[in-house]
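S.K.: Prediction below, plus the sequence it came from.
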There are 2 protein chains.
Amino acid sequence: MKEWKNNIRKVEPYVPGEQPKEQNIIKLNTNENPYPPAPAVCEALKRLDPGRLRLYPDPACGLLVNSLAAYHGLEPGQIFVGVGSDDVLAMAFMTFFNSEKPVLFPDITYSFYRVWADLLRIPFETPALDEDFRLRAEDYYRENGGVVFPNPNAPTGIAVTLDFIRDILDHNQDAVVIVDEAYIDFGGETALPLLKEYENLLVVRTYSKSRSMAGMRIGYAMGNPELIRALNDVKYSYNSYTMDQTALELGAASLAEEDYFCQVIGKITATRERAAKRLAELGFQCLDSSANFLFAAHPGYDGGKLFQYLRSKGIYVRYFDSPRIFEYLRMTIGRDEEMERLYQALEGAAYENL
Amino acid sequence: MKEWKNNIRKVEPYVPGEQPKEQNIIKLNTNENPYPPAPAVCEALKRLDPGRLRLYPDPACGLLVNSLAAYHGLEPGQIFVGVGSDDVLAMAFMTFFNSEKPVLFPDITYSFYRVWADLLRIPFETPALDEDFRLRAEDYYRENGGVVFPNPNAPTGIAVTLDFIRDILDHNQDAVVIVDEAYIDFGGETALPLLKEYENLLVVRTYSKSRSMAGMRIGYAMGNPELIRALNDVKYSYNSYTMDQTALELGAASLAEEDYFCQVIGKITATRERAAKRLAELGFQCLDSSANFLFAAHPGYDGGKLFQYLRSKGIYVRYFDSPRIFEYLRMTIGRDEEMERLYQALEGAAYENL
């Protein structure tokens, strides 16, 4: 083997959910929002000046950072923005998790945490969720180099309370604690009020779910200015200009339309409640979701086979062939008419030999 | 000090060129293109479907990768795209520079190489350019963990020949050799023809200079499919969806308009030749540039003071307060009328006490 091949970084790459190119697919596999971005985003897109594109964007992302600060009632120095929350979280891992002690995150959670830890050679341990797929606070009392968990958790959809988060923070004053709130707008209590009390808390958000802007790659973190400054120092050492001009302008525009935002969230959570009921009627065991998806298993079906069956009907959901959850499907909440087609297909499954 | 502060990654962040917010600045400090993107890019921007933004972009970036492959007469498997060439280069450092031996790059070159090596804890050595600021091939014959240099070099603007690159490759079969062609469209010979012969060669390009799209953050690498696969594996372990939908569509559109592209390049190189002559008449020693900037010093002036003087006249150029080059200014080639204002200001400098 050629010598240069020995020095290629060996990684176990994350496998993203499929992005099928076919039309007429019911796409319930990557937790996208079934409704379009706010009208203000469409207008900002029309207003974009192509002549501006010849110049570098503002490396400090002032327009977006200031808009987010105003929206959340924080200082601009408390906001860090990145290319989706994946970029923000990866930067946070690189910036804050440099201890010899293991970083802690649940065994069943967003699968990218493990991938980043591998890539960046960060030691980690994964305390098991309890038998009801809930986090146990006491698992996070032990010595560690950092804590990260989503609230609500993925792919379970189960949220923890603010008291639970406070308990984790009280037991972890020596490491950065990251609460990944990718799905918080669909339910659950945000940890933002705790920022005033805990200087080692970082709260991460994304535009990809509740803001219907997965295609624009915008995520952000909120925390005390010292954490944000450290993130920006690492960002400037990696790529000074991560956010393109379109992301800055469209990202800021999205925040201007709170009514539309609430209306979209309302529709999705209403559909979720109906879907949970329908799935229960169909015999599914459905975890209690505070997110824009349901995580459900059926005692009569093999999870992998049901996934393949739905796929053959043009309905893409997410299946994880992993310990403890291989009987479950994660189904994004789509529009009501899409969900109707899901229910029909699941009804039809009874007549198939799965 | 709080324990969590000990585990923050310590970095010496790169300081990007200023992005002044004032109007009426003559901005010759970050090597942007003075002409707008191709009309096809403006049309693609108008055609963008805001409804598409609710979905994740194609993680494989098919539209852009296929367009670049067709443009360069390569296979799609030979192309990797990223958020500007900074993202591409940082990924390449992370992917390929995992040896215990030092990576080699010139002492005077793109300052981000050193920043990435620091951030990623990659050992490196920086062979000195010769007294005429030229690379010496024999400096790169020694054992190393990789080689990277820009052609033309920055901030000197001096290009090396294809034979020079071939010589470096012949002496470096055991490590990945990266040729950073950020400025190649303005002069110099591309290393692309060598891809057929050397499987360890990676050629990196950007849309930020010749394509007038710094604001869109698009860069790419070309190399043998094994290198590209390794880059993609690391990318998928870091952030699966780096390129937003607007970057994919506008990036592909830019390639469709070769006439416009050549016309812009022609205007800039013609202005550069005139500028080199005018600066020489003003007493400057100007390095031989194959890029969209000139690197010049004046025996009568202190570089830092001249930089400040120009700034006071509303003309931003780049000054590096570094060994060997602290007498030089790097001046981006702007439109002719912008350059006229630069010459006038430099003429006026004779009457100032600099």
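M.R.: Ah, there it is.
S.K.: any idea how far the closest residue to A:E22 other than its chain neighbours is from chain B?
M.R.: With sequence-adjacent residues excluded and distances taken as C-beta to C-beta, 6 or more residues apart in numbering or on different chains, A:E22 is closest to A:G314, at 7.9 Å. For glycine as for every other residue, the C-beta is placed from the backbone atoms N, C-alpha and C. According to C-beta to the nearest C-beta, to the nearest Å, A:G314 stands 16 Å off from chain B.
S.K.: pretty sure A:G314 contacts A:Q23?
M.R.: No: counting by C-beta atoms under 8 Å, A:G314 does not reach A:Q23; the two are 9.8 Å apart.
S.K.: so what does the host helix or strand of A:L294 touch, helix or strand wise?
M.R.: Following DSSP states H and E, one finds A:L294 within strand A:293-297. Helices and strands touching strand A:293-297, by 3 or more C-beta pairs under 8 Å, 6 or more residues apart in numbering or on different chains; DSSP states H and E, are helix A:258-281, strand A:285-286, strand A:328-332.
S.K.: Give the rounded mean pLDDT of that strand.
M.R.: Mean pLDDT, computed over strand A:293-297, is 98.
S.K.: Next, the angle from it to strand A:328-332.
M.R.: 160 degrees (axes from the mean of the first three to the mean of the last three C-alpha atoms, to 10 degrees).
S.K.: Can you name the next helix or strand after strand A:293-297?
M.R.: Counting by DSSP H and E, what follows strand A:293-297 is helix A:303-312.
S.K.: so how far is the lowest-mean-pLDDT helix or strand in chain A off the chain centroid?
M.R.: Ranked by mean pLDDT, DSSP states H and E, the helix or strand of chain A with the weakest confidence is helix A:3-6, at a mean of 89. Relative to the chain's own centre, helix A:3-6 is displaced by 36 Å; criterion: C-alpha atoms, centre = their mean, to the nearest Å.
S.K.: in that helix, what's buried?
M.R.: Neighbour-count burial for helix A:3-6 flags A:W4 (criterion: 16 or more other C-beta atoms under 10 Å in any protein chain shown).
S.K.: Any idea how far the helix or strand following that helix is from the middle of the chain?
M.R.: Next along the chain after helix A:3-6, taking DSSP H and E as the criterion, comes strand A:26-27. Between the centre of strand A:26-27 and the centre of its chain there are 19 Å (C-alpha atoms, centre = their mean).
S.K.: Relative to the whole chain's centre, how far out is the following helix or strand past strand A:26-27?
M.R.: Remark: after strand A:26-27, the chain's next helix or strand is helix A:39-47, criterion DSSP H and E. Relative to the mean C-alpha coordinate of its chain, helix A:39-47 is positioned 25 Å out (C-alpha atoms, centre = their mean).
S.K.: same deal with stretch A:164-171?
M.R.: Averaging C-alpha positions (C-alpha atoms, centre = their mean) puts stretch A:164-171 21 Å from its chain's average.
S.K.: With stretch A:258-278 instead?
M.R.: Relative to its chain's centre, stretch A:258-278 lies at 18 Å (C-alpha atoms, centre = their mean).
S.K.: Compare A:G314 and A:Q23 and say which is more crowded by neighbours.
M.R.: A:G314 (15 against 6; other C-beta atoms under 10 Å in any protein chain shown).
S.K.: Next, the contact list for A:P13, please.
M.R.: Counting by C-beta atoms under 8 Å, 6 or more residues apart in numbering or on different chains, A:P13 touches A:115, B:232-234, B:236-237.
S.K.: Let's have these in JSON lines, adding secondary structure and pLDDT.
M.R.: What follows is these, written out as JSON lines (DSSP: H, G, I helix; E, B strand; the rest coil; pLDDT from 0 to 100):
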{"residue": "A:V115", "secondary structure": "helix", "pLDDT": "93"}
{"residue": "B:N232", "secondary structure": "helix", "pLDDT": "96"}
{"residue": "B:D233", "secondary structure": "helix", "pLDDT": "95"}
{"residue": "B:V234", "secondary structure": "helix", "pLDDT": "94"}
{"residue": "B:Y236", "secondary structure": "helix", "pLDDT": "93"}
{"residue": "B:S237", "secondary structure": "coil", "pLDDT": "91"}
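S.K.: And those, which two are furthest apart?
M.R.: Farthest apart among the contacts of A:P13 by C-beta to C-beta are A:V115 and B:N232. That separation is 13.8 Å.
S.K.: quick one on the thing from earlier: which of the contacts of A:P13 sits closest to B:F326?
M.R.: Looking across the contacts of A:P13 and measuring by C-beta to C-beta, the closest to B:F326 is B:V234, at 36.8 Å.
S.K.: so where does the closest residue to the closest one other than its chain neighbours fall, helix or strand?
M.R.: Nearest residue to B:V234 in three dimensions, chain neighbours excluded: B:T95, at 4.6 Å (C-beta to C-beta, 6+ apart). Using DSSP H and E, B:T95 maps to helix B:84-96.
S.K.: Give me the next element, helix or strand, following that helix.
M.R.: strand B:103-104.
S.K.: For beta bridges, what are the partners of the nearest residue to A:N29 once chain neighbours are set aside?
M.R.: Among residues not flanking A:N29 along the chain, A:Y316 sits closest, at 4.2 Å (C-beta to C-beta, 6+ apart). Beta bridges link A:Y316 to A:K27 when assigned by DSSP bridges.
S.K.: isn't A:Y316 right next to A:F307, touching?
M.R.: No: applying C-beta under 8 Å, one finds A:Y316 not in contact with A:F307, separated by 9.0 Å.
S.K.: what do the two both touch?
M.R.: Counting by C-beta under 8 Å, 6+ apart, nothing touches both A:Y316 and A:F307.
S.K.: how about the contacts of A:P13 in a markdown table, adding neighbour count?
M.R.: Output for those, formatted as a markdown table (neighbours: other C-beta atoms under 10 Å in any protein chain shown):
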| residue | neighbour count |
| --- | --- |
| A:V115 | 22 |
| B:N232 | 20 |
| B:D233 | 19 |
| B:V234 | 21 |
| B:Y236 | 22 |
| B:S237 | 22 |
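S.K.: Can you tell me which of these comes closest to B:G283?
M.R.: Nearest to B:G283 among the contacts of A:P13: B:V234, at 48.9 Å, using C-beta to C-beta.
S.K.: Pull the contacting residues for the closest one.
M.R.: A:9, A:11, A:13, A:119, B:91, B:94-95.
S.K.: Any idea which of these the model trusts least?
M.R.: Among those, A:P13 has the lowest pLDDT, at 74.
S.K.: for that one, phi and psi?
M.R.: phi -70, psi 150 (degrees, to the nearest 10).
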